[in-house]
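Trainee: Pasting the sequence and the predicted model now:
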Amino acid sequence: MSISSQEICILPNKNNLALLQTNGMPGNLFNNCSNLPATPTRLERLLRERELRKYSKCLNDCEAELPSSTQDCFSPDLETSTCWFNDEELLETVSASRSLNDDGERLDFRTSKQRLLVVANRLPVSAVRHGEDSWQLEMSVGGLVTALLGVKEFDTRWIGWAGVNVPDEIGQKALAKALDEKRCIPVFLDEEVVHQYYNGYCNNILWPLFHYIGLPQEDRLATTRSFQSQFDAYKKANQLFADVVNEHYEEGDVVWCHDYHLMFLPKCLKERNSKMKVGWFLHTPFPSSEIHRMLPSRLELLRSVLAADLVGFHTYDYARHFVSACTRILGLEGTPEGVEDQGKLTRIAAFPVGIDSERFIKALELPEVQDHMKVLKQRFAGRKVMLGVDRLDMIKGIPQKILAFEKFLEENPNWRNKVVLLQIAVPTRTDVPEYQKLTSQVHEIVGRINGRFGSLTAVPIHHLDRSLDFHELCALYAVTDVALVTSLRDGMNLVSYEYVACQESKKGVLILSEFAGAAQSLGAGAILVNPWNVTEVASSIGYALNMPADEREKRHHHNFKHVISHTAQEWASTFVSELNVTIVEAQLRTRQIPPPLPIEVAVDRYSCSNNCLLILGFNATLTEPVDTLGRKDSQINEWQPKLRPDLREPLRKLCDDPKTTVLVLSGSARNVLDDNFSDYNLWLAAENGMFLRVTTGDWMTTMPENLSMEWVDSVKNVFEYFTDRTPRSQFEVRETSLIWNYKYSDVEFGRLQARDLLQHLWTGPISNASLDVVQGRRSVEVRSVAVTKSAAIDRILGEIVHNKGMKEPIDYVLCIGHFLTKDEDIYTFFEPELPSEVPASVRPQVPTQVRTSIVGSRAALLMKQNSTSAVEQNKSYAIDGDTLHSMVTDRISLQEGSSVLDLQANDYFSCSVARKRSNSRYRLQSSDEVVTLLRELADHR
Ligand SMILES: O=P(O)(O)OC[C@H]1O[C@H](O[C@H]2O[C@H](CO)[C@@H](O)[C@H](O)[C@H]2O)[C@H](O)[C@@H](O)[C@@H]1O
Ligand SMILES: O=c1ccn([C@@H]2O[C@H](COP(=O)(O)OP(=O)(O)O)[C@@H](O)[C@H]2O)c(=O)[nH]1
C-alpha cells in the first residue's frame, strides 16, 4: 500500500474527532501528525488574555465615570473597607466574559462577568451575634482578606467560615441571610471540628511547619499523639466546604480555593465533578521538600492539591519547593510547566499577590484620615516614628524586632529620646497555646525595655494589642518614618505594600525581612535584613533613620512603582486567566493521549480469529510496576526483572493455543529472557530483536552483519565513572547496547548527572560513531543506529512465518509494551498494511523511513513455505531504503506467494503500557491491566 504525498495531518478538534468516529477508525490517530497547523502557545494565549484585560479595564474606567449613585452602596460600617462585592451593576455591562469555547477562543467579549467562587477558610467578614436572629458583620483582618477585597473584575461569591459557632437553625438561617447581602456564603463548622481542624491541624501543625518552625515538640507532644484525629477533622472540614461549593456551583464557574486550610478541597471537588475548573493558591510559604516530608500526611496532602488544574504560590521559590516535593515524595515527573501524573498535568506557577493600592492612596485624602494624621503628628512631634504592624504571630518575628530596637537604643544613646517604635500587634488564633505564650513573652520584653529606656513622660515602645480600623491604619502608614517588618517567614506580607502605597509624600524607609515573600518584589527599594541577626537589624535601623532624602526618594520611587502596578486585581485576573488557559490546554493534551484499550473488543476479536500474533514487551509490561521512590527494597528485587507470577497461567494458556503465536520482544539480554520464559512455548526476541529464538530451538542473530561494536569499551568507561559517582545508579552491559539507569537515585542529582554524561558522550567517545543515544525517563542507553524493534520485526516475522510453516494469514495482531519512543515505530509497522476504511485525508501520515520499511515488510511477509530462513541467509540488512528494497525484491523472486497478513483495522491493537504519550492506538495504565487483558484472552480460547 502506498501513501499519497497529499495525505495530510489534521488538527485535532471536535469536528475532526467526530469525522473520525463516524468513519469507524479506532484509536489514537493524531500522534503521528508532524505538520499540524500551529495552535497558539501558552504565552500567546496569555498575552491575548492580558490585552483583553487591559481593554476591559479601560472600558471599566470609562464606565466608572458614571454618576456615583450607581457605585458603592455597601453598608455604612464596612463602607471604607470594601467595594468589590457591591458594585455589580456598575461592572456588569463592561467586564469581559471569561467564557472560552473548547478551542480556547473567546465566545463573546461583552457578555456577563465570569462567576468566581472564592473558597477560603475565613470570610471577609466575621459575625457577631446580637440576638436569636440578629447578626452584626465586622471586617476580618489578615492579608488574604485584604488581597481578595481588591478583586473586582469577576462576579464573585465568597464561601467560608464566619469565625463563629452557630449550633441552632434559626441562627444559621439569619446569618446566611445577612451574609447573602454581602455575597458571602457560610460554611458552618461545629466547635469540636474548629478546635481540631483550625486550632489543631491548621494552626498548630501546618502553619508552623510551612513557616519552618517544625512539628510540635515537648509540651506540644500531645498534638503529635492526636495528629490522626486532627487530620481526620481537617478532611471532614474540607469535605464540608466542598459540600457548600457543590450546592452553589453553576456550570462554567471558576472555583478558587485558598490556603493551607483547604489543601484537601481540590480533590473533594474534582472527585464529584471532574469538569469543574479548580485553582488552589497558597498564601504562606511552601517549605523545602525536606520540611514537608516530615508531615505524616505528606502524600495525601500533595495528591489532593494536585487534583486542582492550577496551583499558585507567591514566589518562584515556593513553587519550586512544591514541585520538588512532588518529585521526591510522590515520585512524579516535574516539568517546567508543572507536575505530571499519568498524563494529567497540574500547572504550577508563581502569582505574587498585591494590594488595592488605589484604595489606600485615595483614603489619604479622606477627612477622617487627615484628622488621624494630624493627631499623630502632634502626639509624636520632635521624634522619629518607627512602625510595626503584625498579627501577633510567632512567624512575624515581633520579639526579634523589639530586641533589635533595644540594641539600637543601647548603642545609640543620642537617639533614646528621639525615636519611638509603634507596634500594632493584632491578636490572632488566641485559642492556640503557642499564641498565648507569645503574647506574654512580647509583653514581658516590651515592659523590660520601656522600664530600661523610658522616662516619666515618654516610653520608647508603644505596643497595642488590638487592631486598628482602616482609616487609623492609613494615617499611621502615612506619618511614620520607618516601617520595620522582621518576619521570620512570611508568605508575602502586605503590610509592607500598604506602607509603601501610603508614603508617596513622606518617602519613608522600609526595613524588610529577607524571609518575607515581599522581599523578592520590594527588595530593591527596601533595606533587607535577616531578622535573626539582631546586630544587623539594629544597624539597619540606624541607617534608615539617618538616610539622606535623595536616597529615600529613590528607594521609595522604585517600590511605589511596583506596588501600584502589581495590584490585587492584576493578581486575581492573572490567576483566573491562567486557569482558563490551563483548562483549554488540558483538553488539547487529553486528545493526544491514546484512549484506553477496549479490552472487551480486543478479546472479542481475538476469539474470532484464526491466526493471532501477540507481540509483548517485557519490562514494565509483564513485570511488576516499579517503585521509583526507592524507599523499599525493590531495587534489589528488580535487578533481575521477573515475570509477574499472576501472568504465568494466562501466558501458558496463550502459548499453548495452536492458533496463537506469542512473541516477547524486549530490550533485555538473552539470559534474562531465558530465565523467565524457557519453559513456555513462545518466541523470544532479545536486545530489541537482535537475537531471536523459539524456546524449542537455539538463539540466532538477526543482527546486521556490518554492525560495529567498537565503541563499547569507551562508553563502558564513561558509564562506570557515572555509576561510581551517582549513588544507587547502575549500568548494564548487553551485547548490542549499554544502559545506565538512575531510577532509584535522587531524581534531581540523577538528572544533572545524566546531562553531564550525555554532554561527555557527545563530545567524547561517540562523537563520530554511528550510534543512537536513547534517553529514557531515568536512563541513558547507547546502541547502534540499526538497533530498533521495528527494524528487527520485519526479519523476525519472516523467520516466524517460515519456521511455523504458516498456511493461514495472520488475521489478528496485538502489540503491547512499555517501549521507548525510539522503539515505538513498532506500532506503526502494521498500520499502513490495514485496509483503508477512512478517506485518505484522515489517515495518519507515515514518516518516510517507516514507509521504506513497510515496503520491506510487505514483501518479506509474502508466504515463503519452501524458502530458506531469512536469518539463515544471513543477508546484509542495511537500513538504507534502496538496499533494503533490492534485497527484498531479491527475496520475492525466490518464492512468490500470497500475503501472510490479512489484517482488518478492527483486528489490530497497538497498545502502550504505563506511558503518557504514545504513537500506539490505545493505552493500558500499568502491568496490572496487562494481567487483566491476558487473563481474558486466555479464557476466551
Ligand atoms: O485567619 P487567621 O487565622 O486569623 O489568619 C489571618 C491570615 O493569615 C495568613 O495570611 C497570609 O496571606 C497574606 C496574603 O496572601 C500574606 O501576605 C501573608 O504573608 C500570609 O501570612 C493566612 O495565610 C490567611 O489564610 C489568614 O486568613
Ligand atoms: O489593625 C490592623 C492590622 C492589620 N490589618 C491588615 O492585615 C493585613 C495583614 O496582612 P499581611 O499580609 O501583612 O500578613 P498576614 O496577617 O496575612 O499574615 C494587612 O492587609 C493589614 O492592612 C488590619 O486590617 N488592621
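Mentor: Arrived safely. The model shown is predicted, which means the values in this text are computed figures rather than measured ones. Ligands and ions are numbered 1, 2, ... in the order given.

Trainee: Tell me the residues on the stretch 451-600 of the chain that lie near ligand 1, please.
Mentor: Neighbours of ligand 1 within the stretch 451-600 of the chain, by Cβ under 6 Å from any ligand atom: 490, 491, 492, 493, 494. Placement of C-beta: from N, CA and C, glycine included.

Trainee: Does the fourth one touch residue 486 like I think?
Mentor: No: here residue 493 lies out of contact with residue 486, judged by Cβ atoms under 8 Å, at a distance of 10.2 Å.

Trainee: Tell me which of the residues of the stretch 451-600 of the chain next to ligand 1 fall in strands.
Mentor: Among those, no residue falls in strands (DSSP state E).

Trainee: before we move on, back to that, between residue 493 and residue 486, point out the one with more neighbours.
Mentor: Taking other Cβ atoms under 10 Å, residue 493 and residue 486 do not tie; residue 486 has more neighbours (29 against 26).

Trainee: Can you give me the separation between residue 425 and ligand 1?
Mentor: Using Cβ to the nearest ligand atom, to the nearest Å, we find residue 425 at a distance of 13 Å from ligand 1.

Trainee: Just give me the neighbour total for the residue of the stretch 701-850 of the chain found nearest ligand 1.
Mentor: Closest to ligand 1 within the stretch 701-850 of the chain is residue 748: 27.7 Å, counting by Cβ to the nearest ligand atom. By other Cβ under 10 Å, 13 other residues sit near residue 748.

Trainee: got the contact list for residue 311?
Mentor: Applying Cβ atoms under 8 Å, 6 or more residues apart in numbering, one finds that residue 311 lies in contact with 279, 280, 281, 282, 305, 322, 338, 346, 347, 348, 349.

Trainee: separation between the third one and ligand 2?
Mentor: If you measure residue 281 against ligand 2 using Cβ to the nearest ligand atom, the figure is 13 Å.

Trainee: what's the nearest residue to that residue if we skip its chain neighbours?
Mentor: Nearest non-adjacent residue to residue 281, counting by Cβ to Cβ, 6 or more residues apart in numbering: residue 312, 4.3 Å away.

Trainee: Only alpha carbons, please: show the helix of greatest length in the chain as PDB.
Mentor: For the chain, the helix with the greatest residue count under DSSP state H is helix 568-591. In PDB, the C-alpha atoms belonging to helix 568-591 read as follows (Å, rounded to 0.1, in the frame of the first residue of the first chain):
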ATOM      1  CA  ALA A 568      -4.600  42.600  43.800                       C
ATOM      2  CA  GLN A 569      -6.900  43.000  40.800                       C
ATOM      3  CA  GLU A 570      -4.000  42.100  38.500                       C
ATOM      4  CA  TRP A 571      -3.100  39.100  40.700                       C
ATOM      5  CA  ALA A 572      -6.600  37.700  40.600                       C
ATOM      6  CA  SER A 573      -7.200  38.200  36.900                       C
ATOM      7  CA  THR A 574      -3.800  36.700  36.000                       C
ATOM      8  CA  PHE A 575      -4.600  33.700  38.100                       C
ATOM      9  CA  VAL A 576      -8.000  33.200  36.700                       C
ATOM     10  CA  SER A 577      -6.800  33.800  33.100                       C
ATOM     11  CA  GLU A 578      -4.100  31.200  33.500                       C
ATOM     12  CA  LEU A 579      -6.700  28.800  35.000                       C
ATOM     13  CA  ASN A 580      -8.900  29.300  31.900                       C
ATOM     14  CA  VAL A 581      -5.900  28.700  29.600                       C
ATOM     15  CA  THR A 582      -4.800  25.700  31.600                       C
ATOM     16  CA  ILE A 583      -8.200  24.100  31.100                       C
ATOM     17  CA  VAL A 584      -8.100  24.600  27.400                       C
ATOM     18  CA  GLU A 585      -4.600  23.200  27.100                       C
ATOM     19  CA  ALA A 586      -5.500  20.200  29.200                       C
ATOM     20  CA  GLN A 587      -8.400  19.500  26.800                       C
ATOM     21  CA  LEU A 588      -6.000  19.600  23.800                       C
ATOM     22  CA  ARG A 589      -3.400  17.500  25.700                       C
ATOM     23  CA  THR A 590      -6.000  14.900  26.600                       C
ATOM     24  CA  ARG A 591      -6.800  14.400  23.000                       C
END
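
Trainee: Does anything pack onto that helix? Which helices or strands?
Mentor: Helix 568-591 sits against helix 42-63, helix 143-149, strand 254-258, strand 277-281, strand 310-313, strand 344-350, with contacts defined as 3 or more Cβ pairs under 8 Å, 6 or more residues apart in numbering; DSSP states H and E.

Trainee: Can you name every helix or strand that the last one contacts?
Mentor: Spelled out, it's strand 344-350. Counting contacts by 3+ Cβ pairs under 8 Å, 6+ apart, strand 344-350 is packed against strand 310-313, helix 316-329, strand 338-341, helix 568-591.

Trainee: buried stuff in the longest helix of the chain?
Mentor: Under the neighbour-count criterion of 16 or more other Cβ atoms under 10 Å, helix 568-591 has 568-586, 591 buried.

Trainee: Also stretch 928-940?
Mentor: 929, 930, 931, 933, 934, 935, 936, 937, 938.

Trainee: The nearest residue in space to residue 609 that is not next to it in sequence bridge partners, please.
Mentor: Nearest residue to residue 609 in three dimensions, chain neighbours excluded: residue 812, at 3.6 Å (Cβ to Cβ, 6+ apart). Beta bridges link residue 812 to residue 612, judged by DSSP bridges.

Trainee: Much appreciated, bye for now.
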